[in-house]
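Engineer: Return atomic coordinates for the entry below.
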Amino acid sequence: MSLFQRILSSGSDQTAGDSSQPSEKSGEGIRLIVGLGNPGAEYDKTRHNIGFELLDELAEAKNLKWSRERKFRAKVAESDSDTIFAKPLTFMNISGNSVARLMKHHQLQAHQILIAYDDVDLPLGRLRFKAGGSAGGHNGIKSIIEYLGTDVFPRLKIGIGSAGGREQMVDHVLGQFEEEEWNEVQKVLAIAVDGVNCALSAGLDSAMNQFNRRSENLGDTET
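Structural biologist: So this is what the prediction gives:
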């Protein structure tokens, strides 16, 4: 039994975490978009919070308002199309607690949840949609895998560049973007917004095919 099932089980036979082997054809498409980050003004515009930045861009583009939902331990915005956007307020290392609560309440399967987060293995200005996989050293993803009991959930990894070594990792991810870096961040966030909208309307495969390559070619198309 996953940590999600142990903590959030309501005693019924139906559990939202029962999706260790989800099918592309089972249930609906992506319905929950979660951006990872740390709450608090001191973390604004830090590399680790690029998932929050993306969710703010998405909400602004759709003219959505955030509300603090204590039962989800998150800020949540919902669109008319029945899509939920969320920013966990649990701090990065226990993001899975918030995601599990949202998943259970909305009766979702893992493949219906897209997680957006920072990736030190991708250069700044790149993004990568993926269907699942290991945590890759990211504590937020590690927590979500632990709580949901599966690693089969879609991700949008947004590059923040290498830390240069393990000893610099904390300072790197918790550091703010430099002014010239922020210009690149804004460009890739605009692509990420289009990519998320593509994933919602046409599916994850379409987003992977169109937007993984688009971000790779970003530098080549600049004039």
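
Engineer: May I see the buried residues of stretch 78-91?
Structural biologist: Counting neighbours by 16 or more other Cβ atoms under 10 Å, one finds that the buried residues in stretch 78-91 are 83-91. For glycine as for every other residue, the C-beta is placed from the backbone atoms N, C-alpha and C.

Engineer: need those residues in CSV with distance to R155, pLDDT and secondary structure, can you?
Structural biologist: Rendered in CSV, the data for the buried residues of stretch 78-91 read as follows (distance: Cβ to Cβ, whole Å; pLDDT from 0 to 100; DSSP: H, G, I helix; E, B strand; the rest coil):
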residue, distance to R155, pLDDT, secondary structure
T83, 17, 96, coil
I84, 17, 98, strand
F85, 16, 98, strand
A86, 15, 98, strand
K87, 16, 98, strand
P88, 15, 98, strand
L89, 20, 97, coil
T90, 18, 95, coil
F91, 19, 94, coil
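
Engineer: for these, which one is nearest E60?
Structural biologist: Of all those, E60 sits closest to F85, with 10.9 Å by Cβ to Cβ.

Engineer: Quick check: nearest residue in space to the closest one, chain neighbours excluded?
Structural biologist: Once flanking residues are discounted, F85 sits nearest to A77: 4.6 Å by Cβ to Cβ, 6 or more residues apart in numbering.

Engineer: How many residues are close by the one you found?
Structural biologist: Neighbour count of A77, defined by other Cβ atoms under 10 Å: 20.

Engineer: That one is in what secondary structure piece?
Structural biologist: Under the assignment given by DSSP states H and E, the secondary-structure element containing A77 is strand 74-78.

Engineer: between the buried residues of stretch 78-91, which is nearest I33?
Structural biologist: For I33, the closest of the buried residues of stretch 78-91 turns out to be F85, at 5.0 Å, with distances computed as Cβ to Cβ.

Engineer: what bridges to the closest one?
Structural biologist: Using DSSP bridges, the bridge partners assigned to F85 are I33, A77.

Engineer: where exactly do the helices run in the protein?
Structural biologist: Listed in chain order, the helices of the chain (DSSP state H) span residues 3-8, 50-61, 95-105, 139-148, 169-173, 179-202, 204-207, 213-216, 218-221.

Engineer: Could you dump these into a markdown table with mean neighbour count, mean pLDDT and distance to A41 added?
Structural biologist: As requested, the helices of the chain are exported to a markdown table (neighbours: other Cβ atoms under 10 Å; pLDDT from 0 to 100; distance: least, Cβ to Cβ, whole Å):
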| stretch | mean neighbour count | mean pLDDT | distance to A41 |
| --- | --- | --- | --- |
| helix 3-8 | 17 | 48 | 30 |
| helix 50-61 | 22 | 97 | 12 |
| helix 95-105 | 25 | 98 | 19 |
| helix 139-148 | 23 | 98 | 20 |
| helix 169-173 | 15 | 86 | 17 |
| helix 179-202 | 17 | 95 | 17 |
| helix 204-207 | 18 | 96 | 32 |
| helix 213-216 | 16 | 72 | 29 |
| helix 218-221 | 10 | 48 | 30 |
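
Engineer: which one of those lies closest to L114?
Structural biologist: The closest of the helices of the chain to L114 is helix 179-202. By Cβ to Cβ, the value is 6.3 Å.

Engineer: Quick one: distance of the closest one to the chain centre.
Structural biologist: Using Cα atoms, centre = their mean, to the nearest Å, we find the averaged C-alpha position of helix 179-202 to lie 13 Å away from the chain's own average C-alpha position.
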